[in-house]
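Peer 1: give me coordinates for this.
(4 chains)
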There are 4 protein chains.
Amino acid sequence: MSSYLLVHVDSDREYLRAPGEELQTDLGVLDVPEDAAHGDVLETHLGEEFHVRRLRGPDLFNHFERTGAPMMPRDIGLVIGHTGAQAGDRVLDAGTGTGVLSGYLGRLGADVTTYEIDPEFAENARENMALGGVSDRVDVRAGDLTEHLDDLAEEESFDLLTLDTADAAAAVERAPDLLVPGGYVAVYTPFVEDARETELAAREVGLGEVETLETIQRELTVDDRGTRPSTAGVGHTGYLLFARVVE
Amino acid sequence: MSSYLLVHVDSDREYLRAPGEELQTDLGVLDVPEDAAHGDVLETHLGEEFHVRRLRGPDLFNHFERTGAPMMPRDIGLVIGHTGAQAGDRVLDAGTGTGVLSGYLGRLGADVTTYEIDPEFAENARENMALGGVSDRVDVRAGDLTEHLDDLAEEESFDLLTLDTADAAAAVERAPDLLVPGGYVAVYTPFVEDARETELAAREVGLGEVETLETIQRELTVDDRGTRPSTAGVGHTGYLLFARVVE
Amino acid sequence: MSSYLLVHVDSDREYLRAPGEELQTDLGVLDVPEDAAHGDVLETHLGEEFHVRRLRGPDLFNHFERTGAPMMPRDIGLVIGHTGAQAGDRVLDAGTGTGVLSGYLGRLGADVTTYEIDPEFAENARENMALGGVSDRVDVRAGDLTEHLDDLAEEESFDLLTLDTADAAAAVERAPDLLVPGGYVAVYTPFVEDARETELAAREVGLGEVETLETIQRELTVDDRGTRPSTAGVGHTGYLLFARVVE
Amino acid sequence: MSSYLLVHVDSDREYLRAPGEELQTDLGVLDVPEDAAHGDVLETHLGEEFHVRRLRGPDLFNHFERTGAPMMPRDIGLVIGHTGAQAGDRVLDAGTGTGVLSGYLGRLGADVTTYEIDPEFAENARENMALGGVSDRVDVRAGDLTEHLDDLAEEESFDLLTLDTADAAAAVERAPDLLVPGGYVAVYTPFVEDARETELAAREVGLGEVETLETIQRELTVDDRGTRPSTAGVGHTGYLLFARVVE
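Peer 2: Have a look, this model is predicted:
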C-alpha cells in the first residue's frame, strides 16, 4: 500500500504519509485514513485542507528521509532508459542509500534485492520503501553485496544489476554469473578513476556493449529578452557505466 | 504476449519475432514456438542455433521497424526519470512515430493512448506494439491529438502527457484539463524555438515546476594511454520540457 | 605607459595604478613612481611593502572599473584564437563596455577603434585603456557604430570586426565593405535569437566559414577521493559567431 | 618576413608561400614576388589569378606542414585568454609539434623559446615558423625541456610557460624558478590522469589560481526549421591547466 502525498495548496507544502498515520503541523492535526483516494480533500482539526495525490518518482526524491545524497531523477531515468528496466524484472542492487533508485524500480513493477552496508541506512531505506508503497517489491538487506556474490550466483538469475558503491568492480566481475543472457549492468560512479576501473572490469569479464557515459544537463532560460542556456550551470553527478551479458 | 529476441551467438545477429512466426534467414528456417521461454535454444532446419531472450527496452530501439528517427533510450529514460512514469499510470501520448517511447512505457506497466497523425506510421507502430508485447497496454490511434483534446478532457484524467510533435504547445495548454493534480507533462522538441513556445505555453496555463532541459552526453574513452572524454562527441537530440499540474 | 599591478603579498591584495598616481589604503599611502620596474618593491609611509608586477590580460578583467558584466577571459581568448588577432591588426569593435576585449587586443599589438553608445561608459572605458597602458592603441568613441558604417567603409579596411552589441546583425551586413579579404567577424551574443539573426545576416551577405559556437567550460575537481568534473557547473556566457570575408 | 596566403578565388584553393618561392600547381606556375602586398592579384603563366592575403592564425592551423595533430585555434585562444599572452612576453614552450601555438604567440608579439624532442619535428617547426613570418620571434630548439630546466632557471625569467608534453608535471614543478611573479603556466593534456598529476604538481610547488578546465564546444545549426545545437557534436581535445606564480 503506497503512501499518500498530502498537499496543502495554499502554502505549497507537501507531506508524505502512510495510510493510518497522523500528520501534525502548525496547520493542525490530520488523521490519514486507510482508504483515501487520489483527489480526496482531507481537513485538519483546524479546518486546513490537504489534497491527496498519488505518489510519483520525483516525490520519492523530494520526500524520502535521506542518508546521504540520493541518486537524482535524471540519473535514475538514464539507468532505466539504457537498461530497459521493466515490470517483472529481477533486479540486484547495491548501495541502497536513501533508496530512491530502488523505489523507482519497485514502482515500475520490478522486484529488487538491494544491499546497504550500513545497518541504520538499511533500516531507513526500509521505512522509505514502506512510504513508497514498494515494501513487497524491494527487499532491503543490511550487508555487503560482495560477501554474498557466491550465494546469489546460485540463485535464479537477475535481469539487471545496479551498483552505486565504491567497490562496484568486484560485483561487475561476477555479472555473467548473476545475470541472464541479455541482462544489463549499470554502475554509477562519481569519480573518473572508479569509472575507469569499472569499465576495465566489465571488459575483462567479457561483457558486451560496454560504455561509460557522462551527462551534462543544462536548463534553458526563457524570458522577454530571449532564450539561452542557464548562466547558473548544472554540475557533474556521476559517470554511468552500462554493459550487457552477450554470450 | 511479448515477442522473443532470437540471438545467433556465433554471428552476433539478432531478430525480433512473435510467437508462432517464422524466421527465414540464410541460417535456415525456424518456426518460433508459441511457448518458448527465456534461455531456450531453438534450431533452424539447417541446424543453426538461436538463443531465446527476453526483450528489453533497448531492443525495441534497435529492432522496431522505423518510420523516422525514434526517440533514443537516453531521452526516454529522462522522460521516465523526471516524471516518475510507473506501473498503473494512464499516459496520453502524441507523435507515436516508431513507438519506442510507447513500448517502453507499456513494458513498465503503464496504459498508453498514443496519437500518430500518419495512418501508415500508426499501423507500423501497432505492429511494433505487438512485437513489443504491449498491444494490450498501448492503444495506437491514427489521428491528430489536437483535434481530440475536448473529448479526452471529458474522460478519466491521465497521469502523464508525453508529446513529440511539432505543435506540442496546443496540447500543453490543455494539460490542466487532461491530467490529474500532480500529473506531469513531458515534451521533446529538437528546435529551440519550439522549446521556447512550449515553455511559455506551460507557464501561461499555470503549470508548475516548469523546466526545459538540454542534455549533453559523452562517452568516456578508456585505454592504455589514459582516460578522457571521447573525441568523437555526441550531438544534440532534443530539448525536454517537464511541467506539473500543481493546483 | 602601462599601469603597474601593485601586490601586497601578505594580505593577497592587488591594486592597479598608473605611474605617478597615489595609492591610499589602510596599509598606508604610496606614491607610485613614474619609472617603477617589474619586480620592484615599494613601501607605504607605514612601511608596508607592495610588489610591482607587469600587467596581464586577466588583471584587466579583475581590476578594470566595470560598467556591466565584461566579456570573460575565456571568450576573449576564443575570439583571438578563432580570428588569429595579432600585432598590427586594425580592429573595429562595438559595444566597448568595460573595455576588457579592447584592452586585450591593444596589449597584443592591435590598433582598435571601438564604439560605446553610452558616453559615460565610453569615458570609463577610456580611463581603463589608460590604466591598461593601451591609450595609444585603442580609440574609444562615444557613439553608435551603425550610424558610422558608411564613413568607416570609406576608410582603410579593417582586419577584424568584433561586436558585442544587441544589433550586431546591422554591422555584420556591412562586413564585406569594412574588412580586408580574409578578414574576420566575431560576434558575442548571449541569446539564441540574436545568434540566429546574426548567422543569417552573415550568410546573406556572402561571408564564408560562418559558424556559431557555444562553449561549455567546466573545472576539474582533483582531491584525495579522485578526479571528476566540478559539481558546481559553469553556466552559459554567450554564443560566438565567426565568419570571414572570402571573396 | 611573413609568407603570403595565395588564394585562387574561383576554385577556393589556398596556398602558403614565402616571398621568392615558386607556386606550381595545375593552375600554372607562379613566381611569388619578394614584395607582394595584401590585396595584390598575381597571375600564373596560364593566366590564373591568385589573390595575395595577409596571413592570420587560423591559416597557420590550416596550412602548416603537420607532425601530428596540432593544438586547435580554440585551445590556443583559451591559452591566450586565460594567461593574457601579449606583445613583449617572454614565453617558454615545450612540445612544439607543428608549431601552431608558437606561431600564434609570435604573431602577437611574444618572444618564444620552444623545445621539441624530435629533431625532425623541430626542423619542420622551424620551416613553419619561417612560413609564418615569426622566425625572428620563435626559437625552436631540438631537445627535451626537462633536461634544460636548471640552465633556463638561471636566465632572465619568463612571463609564460606553455606545455604540451607528456611529462609536463616535471616542468610545472620548476615554474616558480622560471617565471616572473604574476607569470602564468598553461598545460594542455588530453588525458585526465595527466591532468590530475599536473594539477597536483602545480599545487605542491605553491602556484596560485590553479584550475584545470575542460571545454566543450558545439556548433549551432541554423536553418528553416529552427535553431538547435549541432547533432554532430564536437569531441574532447584536451584539458587545460592554468596556474600563476603568486608569491
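
Peer 1: okay, CA-based contacts and neighbour counts for the rest of this
Peer 2: OK.

Peer 1: for chain C, see how far away the residue lying closest to A:Leu131 once chain neighbours are set aside is.
Peer 2: Leaving aside its chain neighbours, A:Leu131 sits nearest to A:Ser3 (5.1 Å; criterion: C-alpha to C-alpha, 6 or more residues apart in numbering or on different chains). A:Ser3 sits at a distance of 33 Å from chain C (criterion: C-alpha to the nearest C-alpha, to the nearest Å).

Peer 1: pretty sure A:Leu55 sits against A:Tyr4.
Peer 2: Yes. A:Leu55 lies in contact with A:Tyr4 (C-alpha atoms under 8 Å); the separation is 6.3 Å.

Peer 1: can you pull out the helices in chain A?
Peer 2: Using DSSP state H, the helices of chain A run over residues A:57-63, A:73-83, A:100-107, A:119-131, A:149-154, A:168-172, A:175-178, A:192-204.

Peer 1: quick one, what contacts the residue nearest the centre of chain A?
Peer 2: Note on chain A: the residue nearest the mean C-alpha position is A:Leu101, at 1.0 Å, using C-alpha atoms, centre = their mean. Applying C-alpha atoms under 8 Å, 6 or more residues apart in numbering or on different chains to A:Leu101 gives the contacts A:Met71, A:Ile76.

Peer 1: on the pLDDT front, check it for me.
Peer 2: Here, the pLDDT recorded for A:Leu101 equals 98.

Peer 1: any idea how far it is from chain D?
Peer 2: 29 Å.

Peer 1: how close does A:Leu200 get to A:Gly206?
Peer 2: Using C-alpha to C-alpha, to the nearest Å, A:Leu200 is found at 10 Å from A:Gly206.

Peer 1: correct me, but A:Thr67 touches A:Phe121?
Peer 2: Yes. Using C-alpha under 8 Å, A:Thr67 is in contact with A:Phe121, at 6.2 Å.

Peer 1: neighbour count: those two, which is higher?
Peer 2: A:Phe121 (21 against 16; other C-alpha atoms under 10 Å in any protein chain shown).

Peer 1: OK, contacts around the more buried one?
Peer 2: A:Thr67, A:Gly97, A:Thr98.

Peer 1: run a quick neighbour tally on the last one.
Peer 2: Which is A:Thr98. If we define neighbours as other C-alpha under 10 Å, then A:Thr98 has 28 of them.

Peer 1: residues contacting it?
Peer 2: By C-alpha under 8 Å, 6+ apart, the neighbours of A:Thr98 are A:Phe64, A:Glu65, A:Arg66, A:Thr67, A:Gly68, A:Ala69, A:Pro70, A:Phe121, A:Asn124, A:Ala125, A:Asn128.

Peer 1: which one among the residues you listed gets closest to D:Ser135?
Peer 2: Comparing those against D:Ser135 with C-alpha to C-alpha places A:Ala69 closest, at 56.6 Å.

Peer 1: list phi and psi for the closest one.
Peer 2: phi -80, psi 110 (degrees, to the nearest 10).

Peer 1: how near is it to chain C?
Peer 2: For A:Ala69, the distance to chain C - C-alpha to the nearest C-alpha - is 13 Å.

Peer 1: same question, A:Asp10
Peer 2: When A:Asp10 is compared with chain C (using C-alpha to the nearest C-alpha), they lie 33 Å apart.

Peer 1: domain boundaries for chain A, per the record?
Peer 2: A:4-55, A:59-244 (automatic domain parsing).

Peer 1: out of the contacts of A:Phe121, which are inside strands?
Peer 2: Using DSSP state E, no member of the contacts of A:Phe121 falls within strands.

Peer 1: out of these, which comes closest to A:Ala170?
Peer 2: A:Gly97 (18.8 Å).

Peer 1: can I assume A:Gly84 is in contact with B:Arg54?
Peer 2: No. In this structure A:Gly84 lies outside contact range of B:Arg54 using C-alpha under 8 Å: 11.2 Å.

Peer 1: so of the helices of chain A, which one's packed in deepest?
Peer 2: Across these, averaging neighbours per residue (mean count of other C-alpha atoms under 10 Å in any protein chain shown) puts helix A:100-107 on top, at a mean of 29.

Peer 1: quick one, that one and helix A:73-83 angle?
Peer 2: Inter-element angle recorded for helix A:100-107 and helix A:73-83: 50 degrees (by axes from the mean of the first three to the mean of the last three C-alpha atoms, to 10 degrees).

Peer 1: next, the angle from helix A:100-107 to helix A:119-131.
Peer 2: 30 degrees.

Peer 1: please export the C-alpha coordinates of helix A:100-107 as CSV.
Peer 2: Extracted C-alpha coordinates of helix A:100-107, given in CSV (Å, rounded to 0.1, in the frame of the first residue of the first chain):
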residue,chain,number,x,y,z
VAL,A,100,15.3,6.4,-4.4
LEU,A,101,16.5,4.1,-7.2
SER,A,102,15.0,1.1,-5.6
GLY,A,103,11.8,3.0,-5.0
TYR,A,104,11.6,3.9,-8.7
LEU,A,105,12.3,0.4,-9.8
GLY,A,106,9.7,-1.0,-7.5
ARG,A,107,7.1,1.4,-8.7
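
Peer 1: interface residues of chain A facing chain D?
Peer 2: For chain A, the contact set with chain D under C-alpha under 8 Å from any C-alpha of the partner chain is empty.

Peer 1: near chain C, which residues of chain A?
Peer 2: A:190-193, A:225-237.

Peer 1: what residues are up against A:Val79?
Peer 2: Here A:Val79 is in contact with A:Ala85, A:Ala186, A:Leu240, B:Gly77 (C-alpha under 8 Å, 6+ apart).

Peer 1: list only those of those residues flagged as buried.
Peer 2: A:Ala85, A:Ala186, A:Leu240, B:Gly77 (16 or more other C-alpha atoms under 10 Å in any protein chain shown).

Peer 1: wait, which of the residues you listed is closest to D:Arg174?
Peer 2: Once C-alpha to C-alpha is applied, the member of the buried ones among the contacts of A:Val79 that ends up nearest D:Arg174 is A:Leu240, at 38.0 Å.

Peer 1: would you mind measuring from A:Val180 to A:Asp150?
Peer 2: For A:Val180 relative to A:Asp150 (C-alpha to C-alpha), the value is 16 Å.

Peer 1: also A:Leu42?
Peer 2: On the measure of C-alpha to C-alpha, A:Leu42 and A:Asp150 end up 50 Å apart.

Peer 1: once you drop chain neighbours, what's closest to A:Gly109?
Peer 2: The nearest residue in space to A:Gly109 (C-alpha to C-alpha, 6+ apart) is A:Ala87, at 4.0 Å.

Peer 1: brain fart, A:His51
Peer 2: A:Val41 (4.6 Å).

Peer 1: ok now do A:Val172, which residues does it touch?
Peer 2: Here A:Val172 is in contact with A:Val185, A:Thr198, A:Ala201, A:Ala202 (C-alpha under 8 Å, 6+ apart).

Peer 1: same question but for A:Phe61, I mixed them up
Peer 2: A:Pro70, A:Met72, A:Pro73, A:Val100.

Peer 1: run the last query once more with 6 Å
Peer 2: A:Val100 (C-alpha atoms under 6 Å, 6 or more residues apart in numbering or on different chains).

Peer 1: partner strands of the longest strand along chain A, parallel or antiparallel?
Peer 2: When chain A is parsed with DSSP E, its longest strand is strand A:208-223. If you go by DSSP bridges, strand A:208-223 pairs up with strand A:226-229 (antiparallel), strand A:239-244 (antiparallel), strand B:208-223 (antiparallel).
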